[in-house]
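Trainee: My questions are about this predicted structure, shown below with the sequence.
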Amino acid sequence: MPFVVFIDYDNLLPLQKTRGLLDVVTRALFQMPFFEERIHAKCEVRVYGGWYEGESFTRLAQDVTVQIQNDFPTIIRLPIHGGATVSVNAELAVALLQDPGYPMFNTYRRKGKPANVRVENPEKIGCNDEECILPLMKKMLKTGRCPKPGCEVGQVNLSYRHEQKIVDTMLTCDIIYAANKMGSIVLVSSDDDFLPPLRTVTLQGTKVVRFHTQPNSQRASGSVRGTTLLEMDL
C-alpha cells in the first residue's frame, strides 16, 4: 500500500527550496520509521502552494513544475534492509485528492489594505522628531488614502501583499481523505494549524510522521490510542 508525503511548500526554508524537492523528500524518507516490513514501497508526493492567480499558473508554479518534471518519478534507495527502495512520484496539488478533475483556482491573491496593523504615537516610543512619518502612516492605514492634501493616491496603489487562500484547508481535507485510503502519511511543515487533522487521522489508526522545516518548533511525538504520531526535524 502506498503512502503520501504532503509538502507545505510555502513553509519550507529558503535553503530547503534551493536544495529542491527531491532533497526534501530524500531527507524525509531516510528518517522514516515505517519500513520495517517493506523492501519495496511506493510514495506519492503532493506539493501545496498558491499555484493559481485567478486561473493562470503563477511563475513559482511554473518553476516548481519544471523541477518536478526533471526529478520525478524516481527511485530512492534507503540504508535499511540492505537497500530498500521507494518508488516516488510527485505532483503539484492543484485539486483535492477526492476530486482531481476540479482545480482549485485563485489560490494566490493580491491583497490591499492590511488589517489589524497598529502604529504607535512617536512620543510613546521616545521619538521627538517633528518630521517623523509614523503619524502619516497611521492616517494612511486608517483611511486608505494618502494624508497629503490634494493627493488622490490610495494605499492600494502604494502597498499590497500576496497571500495564499484555500491551500491549508485543501491540505487538511487531503490528509483526512488519504488516511482512509493509504497506509502512512507524512507531512512536511512546521505550521501548527495542521495539528488537528494530524491528530484526527492518528485517532483513526493511521501512522503519521511530521517533519518540521523550522528550528525550535514545539514537538508533540507520542502514541494516540496505540497509533504513532511522530514529529521530527527535516
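Mentor: Ah, there it is.
Trainee: E44 - how many residues pack around it?
Mentor: Neighbourhood size, E44 [other CB atoms under 10 Å]: 17. Every C-beta, even on glycine, is put in place using the N, C-alpha and C of the backbone.
Trainee: So it sits against S87, correct?
Mentor: No: using CB atoms under 8 Å, E44 is not in contact with S87, being 9.7 Å away.
Trainee: phi, psi of the residue nearest to P215 when sequence neighbours are not counted?
Mentor: Spatial nearest neighbour of P215, excluding adjacent residues (CB to CB, 6 or more residues apart in numbering): D233 at 7.5 Å. Dihedral pair for D233: phi -90, psi 140, per degrees, to the nearest 10.
Trainee: so D233 sits right up against F211, yeah?
Mentor: Yes: using CB under 8 Å as the test, D233 is close enough to F211 to be in contact (7.1 Å).
Trainee: more crowded one of those two?
Mentor: Using other CB under 10 Å, the more surrounded residue of D233 and F211 is F211, with 21 against 14.
Trainee: Which secondary structure state does that one sit in?
Mentor: Here F211 is recorded as strand under DSSP: H, G, I helix; E, B strand; the rest coil.
Trainee: next one: I7
Mentor: I7 ends up strand, using three-state DSSP.
Trainee: Look up which residues are beta-bridged to it.
Mentor: As for beta bridges, I7 partners with V47, V188 under DSSP bridges.
Trainee: The most centrally placed residue in the chain and V64: what is the separation?
Mentor: Ranked by distance to the mean C-alpha position of the chain (CA atoms, centre = their mean), the top residue is D8 at 2.3 Å. Distance, D8 to V64, using CB to CB, to the nearest Å: 13 Å.
Trainee: wouldn't H212 be in contact with S190 here?
Mentor: Yes: counting by CB under 8 Å, H212 does reach S190; the two are 4.5 Å apart.
Trainee: which one of the two has more residues nearby?
Mentor: With neighbours defined as other CB under 10 Å, H212 and S190 compare such that S190 has more, 22 against 19.
Trainee: and the closest residue to that one other than its chain neighbours, how many neighbours?
Mentor: Of all residues not flanking S190 in the chain, Q214 sits nearest, at 3.9 Å (CB to CB, 6+ apart). When neighbours are defined as other CB under 10 Å, Q214 has 13 of them.
Trainee: D63 too?
Mentor: For D63, the neighbour count with other CB under 10 Å is 11.
Trainee: what helix or strand does it sit in?
Mentor: D63 belongs to helix 59-71 when assigned by DSSP states H and E.
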